[in-house]
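# Sequence and computational prediction follow.
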Amino acid sequence: MAKPRAVVVADIDVLVTDAIADLLERHGYSVRIAPPVHAAVRDWVRSFDAGLCVIDLALRDGEDPANIQRLVADLPSTKVIIRTANSSSETMQAALIAGASGYLHKSRGPGILLEMLTRVADGEVVVEGSFARTAARTVERAADVRRMIDSLTPRQRQCLELITRGQGTLAIAEQMGVSSMTVRSHVQGVLGKLGVGSRLEAASLANQYRLDPAGHSSAAPAPLPRAR
């Protein structure tokens, strides 16, 4: 079990990481500053057995939220807080869907970061005030989609997985070992349960919320963020 007071910090700006590390250590945290590369952050979190990770989404190897998803998937006992200068609601939503437990704009003061660390360690999903309502809607929608995916039968999930890979009816029928008519029946069941009108919409829905159609979602549904 990861230690909640152990924190890994990662940011391209060395002065920022030094300042955050000093702040957290003065408040009882044990801190390690990781190289500003997503793969290195994962390695440092694992080796330090950190319960918390404060990370800028944009590191030297890019700012794809998929990096956060991989960090959360590889180290599920570690709570991830994004501290960023990016004020885009879309980026915030993508980070939450990827599994981040906190999203904090860099304009907010150190007291907010300390409070967020405590609340996230306690199991909350925390987002700064200007994003709170959007964040709540995002998490609620992701939970709805997860429930719809989970309502699919095993064969319907297999069918949706092949749809997300761009497979057509004949290819799906061959891989599933069934007739084209049976595939069409499975597809209609998938579309009905997901509330969409086409295969493209079904695939887009699964991809948008980074869900694995063949099984459960890659991360468990998070509690709703509290408005500030």
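It's in.
# contacts, neighbours, all on C-alpha from now
Will do.
# the domain parsing of the chain - what is it?
For the chain, automatic domain parsing gives the domain ranges 3-127, 140-208.
# deepest of these, which one?
Mean neighbour count (mean count of other CA atoms under 10 Å) peaks for domain 3-127 among the domains of the chain, with a mean of 19.
# that older thread, quick one: the domains of the chain as CSV, columns for mean pLDDT too.
Listed next are those as CSV, based on pLDDT from 0 to 100:
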stretch, mean pLDDT
domain 3-127, 91
domain 140-208, 87
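# Show the backbone phi and psi for residue 120.
phi -70, psi -40 (degrees, to the nearest 10).
# Can you verify my assumption that it contacts residue 126?
Yes. Counting by CA atoms under 8 Å, residue 126 is a contact partner of residue 120 at 6.7 Å.
# who touches both of these two?
Common contacts of residue 120 and residue 126 (CA atoms under 8 Å, 6 or more residues apart in numbering): 101-102.
# give me the beta-bridge partners of residue 102?
residue 81, residue 126 (DSSP bridges).
# Next up, the contacts around it.
Residues counted as contacts of residue 102 (CA under 8 Å, 6+ apart) are 80-82, 96, 116, 120, 125-127.
# Also residue 32?
For residue 32, the contacting residues are 7-9, 21, 44, 48, by CA under 8 Å, 6+ apart.
# By residue count, what's the longest strand in the protein?
strand 3-10 (DSSP state E).
# helices and strands around it, which ones?
The contact analysis (3 or more CA pairs under 8 Å, 6 or more residues apart in numbering; DSSP states H and E) places strand 3-10 against helix 14-26, strand 30-33, helix 38-48, strand 50-55.
# right, and these - which one's nearest residue 90?
Comparing the helices and strands packed on strand 3-10 by their distance to residue 90 (CA to CA), the top pick is strand 50-55, with 18.0 Å.
# Run the chain-centre distance for the closest one.
In this view, strand 50-55 has its centroid 14 Å away from the chain centroid, taken as CA atoms, centre = their mean, to the nearest Å.
# which other helices and strands contact it?
Packed against strand 50-55 by the contact rule (3+ CA pairs under 8 Å, 6+ apart) you find strand 3-10, strand 79-84, helix 110-121.
# Please name whichever of the helices and strands packed on strand 3-10 is nearest to residue 110.
Going by CA to CA, the one of the helices and strands packed on strand 3-10 nearest residue 110 is helix 14-26, 7.8 Å.
# ok and the closest one relative to strand 50-55, angle-wise?
Relative orientation of helix 14-26 versus strand 50-55 (axes from the mean of the first three to the mean of the last three CA atoms, to 10 degrees): 150 degrees.
# Can you name the residues in contact with helix 14-26?
9-11, 30-33, 110, 114.
# Could I get the helices and strands packed on strand 3-10 in CSV, plus columns for distance to residue 90?
Below are the helices and strands packed on strand 3-10 laid out as CSV (distance: least, CA to CA, whole Å):
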stretch, distance to residue 90
helix 14-26, 25
strand 30-33, 28
helix 38-48, 21
strand 50-55, 18
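# right, so of these, which gets closest to residue 159?
Shortest distance between residue 159 and these, using CA to CA, is found for helix 38-48: 32.7 Å.
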